[in-house]
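with the sequence up front, the predicted model follows.
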Amino acid sequence: MSLGPSPDRPPRRTPSGLLGMLALVAAVELIVGGRRLDFTTVWADDWRRAAFEATRARGRDVLCFGDSLVKFAVLPKKIEARTGLKSYNLAVNAGTMPSAYFLLRRSLDSGARPRAIVADFFALMRPDRPEESIRLYPDLATPAECLDLARTAGDHRFLAATLLGKLLPSYKCRFEIRASIKAAFEGRRASPWPAQSAIWATWKAQDGAQPMPLAEGRAAPNPGLVADLSPPGWACDPINAAYMEKFLDLADSRGIPVFWLMPPLSPAVHALRALNGTDDAYTRLAREALGRHPRVTVLDARRSGYDGWVYIDPVHLDERGAKVLTGDIAPIVADSLEGRGPAGRWVDLPPFAGRTGDEPARDVARAGQAQIR
């Protein structure tokens, strides 16, 4: 009996073509992955850096979560200067309720033991459509977290897209790659690195915060954004509601008090929200949450009368406004941790009253005390 190859069957050959293709794909992915600073956006890199910093949040007394309203307006350096509490801002631009929950869990799993959490939860105001953040989640979420969100949203396409983005940098960064190729043909460079280096330096110097330059005059009107944030008949999106509960349940399980910041918005936004009943609906949602979570305290700045001159747009404060707001938040958090906190769990923050944020504490007191409701 012959042990050689059958004369009717050709000998097996190494699929050199397939191996070569796989090697080429791997090489391309390594090149793209190694040049992530050229193929990213401010938001995407913000999410990536926040995910990394969440693993190094040990030793911080206060952790801040949320979206750009917190990233721009809650200043850890100011909190520490006023109270001695070491803080870090883990809010992210275009933050969502799932992103806040994932970052909180990441920090706690990495050994962080914050004494307090400050979060704005303003992401609740907009419907959560995970597919709109497909470019961002691969830079922040683990595969298990992507699966968790896909299950909650009932969206298998989101899961496939995010996992593919985590596996293949060229897929995740395809739009940035296209822009770079187009720019190369036009004789210019499209890398965001030079512009973003200053932003990254600010995040590092400000412990994650990004205070905005002083506004030069009143912000330009933006009727579309104002309308988006003031919908009549507003109700909380189910995905947002689910991840808000996960966030608060996780904080409860570790015994961490949560200070729910309702930041000031421009007068135009507040006026339309009052007219459409949006603020009333949001207030009801918060009061229901207070009933379920005894460690939550609301810090409400919606009636603090921040002047339109301290906004860079209809919703974001400049550095002056951020210093005032942070200076009002910090002593309330510190007093609460020392057992001298407000008697109630709904605190109206003091009036803005033209302050700069650099006033001594006694002058802040003259401007108006926080009110308990």
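In hand now; what should we look at? Numbering: from 1, shown residues only.

and residue 340, how many neighbours does it have?
For residue 340, the neighbour count with other Cβ atoms under 10 Å is 10. (Each C-beta comes from the backbone N, C-alpha and C, glycine too.)

where does the stretch 51-200 of the chain dip in pLDDT?
Counting by pLDDT under 70, the stretch 51-200 of the chain has no low-confidence residues at all.

for the residue sitting nearest the centre point of the chain, which three-state class applies?
In the chain, the centroid-proximal residue (Cα atoms, centre = their mean) is residue 92; its distance is 2.7 Å. Classification of residue 92 using DSSP: H, G, I helix; E, B strand; the rest coil returns coil.

my guess is it contacts residue 45, does it?
No - between residue 92 and residue 45 no contact is recorded; they are 10.1 Å apart, counting by Cβ atoms under 8 Å.

that older thread, now do the contacts for the residue nearest to the centre of the chain.
By Cβ atoms under 8 Å, 6 or more residues apart in numbering, the contact set of residue 92 is 43, 46, 47, 50, 67, 68, 71, 99, 103, 140.

export the residues you listed to a markdown table and tack on neighbour count?
As requested, the contacts of residue 92 are arranged in a markdown table below (neighbours: other Cβ atoms under 10 Å):
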| residue | neighbour count |
| --- | --- |
| 43 | 17 |
| 46 | 27 |
| 47 | 28 |
| 50 | 27 |
| 67 | 24 |
| 68 | 21 |
| 71 | 29 |
| 99 | 28 |
| 103 | 27 |
| 140 | 27 |
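
coming back round to it: gap between the residue nearest to the centre of the chain and residue 118?
With the distance defined as Cβ to Cβ, to the nearest Å, residue 92 ends up 14 Å from residue 118.

now name the helix or strand holding residue 259.
strand 258-262 (DSSP states H and E).

check which residues of the helix or strand hosting residue 325 are buried.
Taking DSSP H and E as the criterion, residue 325 maps to helix 319-337. The neighbour-count criterion (16 or more other Cβ atoms under 10 Å) identifies 319-334, 336-337 as the buried residues of helix 319-337.

isn't there a helix covering residue 72?
Yes - membership of residue 72 in a helix is supported by three-state DSSP.

quick one, helices of the stretch 101-250 of the chain?
Across the stretch 101-250 of the chain, reading from the start of the chain, the helices by DSSP state H, counting those that start in this stretch fall at 143-153, 156-167, 169-172, 174-185, 193-205, 223-228, 238-253.

among these, which is nearest residue 109?
Counting by Cβ to Cβ, residue 109 lies closest to helix 238-253 out of these; the figure is 10.2 Å.

which helices and strands does that closest one pack with?
In this structure, helix 238-253 makes packing contacts with helix 97-109, helix 143-153, strand 258-262, helix 278-292, judged by 3 or more Cβ pairs under 8 Å, 6 or more residues apart in numbering; DSSP states H and E.

need those in a markdown table with distance to residue 181, can you?
As requested, these are exported to a markdown table (distance: least, Cβ to Cβ, whole Å):
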| stretch | distance to residue 181 |
| --- | --- |
| helix 97-109 | 30 |
| helix 143-153 | 28 |
| strand 258-262 | 42 |
| helix 278-292 | 44 |
